[in-house]
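Asker: Structure, please.
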Amino acid sequence: MASLQATTLLFSSSCSSFSTKTNCQRSITTRASLNIPNNALSSLSLPKFQQRGSNVEELDFRRATNNYTQTHPGDTSPLSSYEETSSDPVVMAKLYAIMDSVADRIEMHKNICEQRNNWNSLLLTSINTITLAATTMVGIAATSSADGTALLSLKMTSTLLFMAAAGMLVMMNKIQPSQLAEEQRNATRLCKQLHSQIQTTIAIGNPTTRDVREAMEKVLAIDKAFPLPLLGKMLEKFPSAVEPAVWWPQQRRKQPKGLGNGMYKNGWSERLEKEMKEIVGVLGKHDKADYIRLGKKALKINKVLAVSGPLLTGLAAVGSVLVGNSSSPTVGAVGSVLGIVAGGMASVANTLEHGGQVGMVFELYRSNAGVFKEMEEYITSNLEEKDVERRENGEILEMKVALQLGRSLSGLRDRADKGQFDEEFGSKLF
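Answerer: Sure thing, here's the model as predicted:
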């Protein structure tokens, strides 16, 4: 009798919350299909929801509770399973905070890139204008028949202009504005990439504290690789040894992703391991080594031009002092030739170095070598993990590597199977 009253009461409360007969019938059908035993019904306790004008939250919770009761008839605490499907709000808040910080860094690096690119063009134009103006004055002084005050004025003005140009050129060669701009371009691209990765992590769902820690480490690694300030933390523009740029934290062991637990064990097979080892070998022997070699050449050219520009400008300043030497016409003639030729050559050297953006080319080669080094470490960290369940899914890893190298999956596999990677570079993109 008590069981019948409880059933009648449950039926009445369900029908009262619906305005039409059809909805009431649907409620009857749902209740009938559950077939909950009496002892389970007595032990099931549902939280009380506050009415907010609609029963949407209550219906969503009851639907989740009913599904859990059907799949887990022996478990009397469905609320714990329902809570496990939702993300930790603290973790989500941390990821969103990191995303906001990364977005702010993107804007900062972008603005500073434009600023330093303007430095390069403005300083180049100003120094060349000053140098050519001083050279013109030396030529006028050498061909002029004026004596005394007029000749002295031309000589002093040209000498001061040459000295000012040499000082500005030394400073410009020290900071390498074109290289600084390229560093900020790389930082902007990497921050955008990290921003997209965090968005993907949130979209997939259920982020963990490990995701937060990795995102923080990546942000700090980018900050260290591409610093914003010039004084104290600026990267060495003329290093003694050329090394690939490093903007990623130390590779950690992969945690289980729960993907592809099929016949190949998390997407891995003997063929895929052989393919990845082949790719690591060719990236180290050809791609990374080639860009390091090109980086060394660009660095040598930049060093020669960085020394030649101020040196030629200084010689032009000395020549301008000797112009019009009345005691020795030969010395005056040598001074005029030295001032004109050295001044013109200084402008050429300055244009080649900063107009050709040799520093930017060096940074480009260095960052490209860093791309291949990152790929090497990324693949090696997975291969060194003996437990395949702790690796990243093999199929996903293969697809990422193929996209980064600009190859199709079939082309990548054919090259690895036939051992043809030794004949060419691994990357088809750059």
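Asker: going forward, measure contacts and count neighbours with C-alpha atoms only.
Answerer: Noted.
Asker: mind listing what's buried in stretch 405-418?
Answerer: Neighbour counts over stretch 405-418 (16 or more other C-alpha atoms under 10 Å) mark L405, R407, L412, R413, R415, A416 as buried.
Asker: Which parts of the chain belong to which domain?
Answerer: Following automatic domain parsing, one finds the domains of the chain at 22-84, 91-234+268-423.
Asker: Just the mean pLDDT for the shortest one, thanks.
Answerer: Read it as domain 22-84. Averaging pLDDT along domain 22-84 gives 42.
Asker: go on, stretch 196-214?
Answerer: 92.
Asker: Name the residues of that stretch that are buried.
Answerer: In terms of neighbour count (16+ other C-alpha under 10 Å), stretch 196-214 has its buried residues at I198, I202, P207, T208, D211, V212.
Asker: could you pull out the helices for the stretch 101-250 of the chain?
Answerer: Here the stretch 101-250 of the chain has its helices, by DSSP state H, counting those that start in this stretch, at 149-175, 177-204, 209-225.
Asker: same check, this time on the stretch 251-400 of the chain
Answerer: Ranges of helices in the stretch 251-400 of the chain, per DSSP H, counting those that start in this stretch, are 270-282, 288-322, 329-350, 358-383, 394-405.
Asker: Check what pLDDT N261 gets.
Answerer: Listed pLDDT for N261 reads 44.
Asker: ok, back up a step: would you reformat the buried residues of stretch 405-418 as CSV and include distance to A150, secondary structure and pLDDT?
Answerer: Shown next, in CSV, are those (distance: C-alpha to C-alpha, whole Å; DSSP: H, G, I helix; E, B strand; the rest coil; pLDDT from 0 to 100):
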residue, distance to A150, secondary structure, pLDDT
L405, 66, helix, 90
R407, 70, coil, 88
L412, 75, helix, 84
R413, 78, helix, 85
R415, 76, helix, 75
A416, 77, helix, 74
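Asker: Pick the most deeply packed of the domains of the chain.
Answerer: Highest mean neighbour count among the domains of the chain (mean count of other C-alpha atoms under 10 Å): domain 91-234+268-423, with a mean of 19.
Asker: what residue ranges in this protein score low on pLDDT?
Answerer: For the chain, applying pLDDT under 70 flags the ranges 1-87, 145-147, 251-264, 326, 418-424.
Asker: 50 instead, please
Answerer: 1-85, 254-263 (pLDDT under 50).
Asker: picking up where we left off before, quick one: closest of the helices of the stretch 101-250 of the chain to M345.
Answerer: Of all the helices of the stretch 101-250 of the chain, helix 149-175 sits nearest to M345, with 12.6 Å by C-alpha to C-alpha.
Asker: Next, the angle helix 358-383 makes with that closest one.
Answerer: Compare the direction of helix 149-175 with that of helix 358-383 by axes from the mean of the first three to the mean of the last three C-alpha atoms, to 10 degrees and you get 0 degrees.
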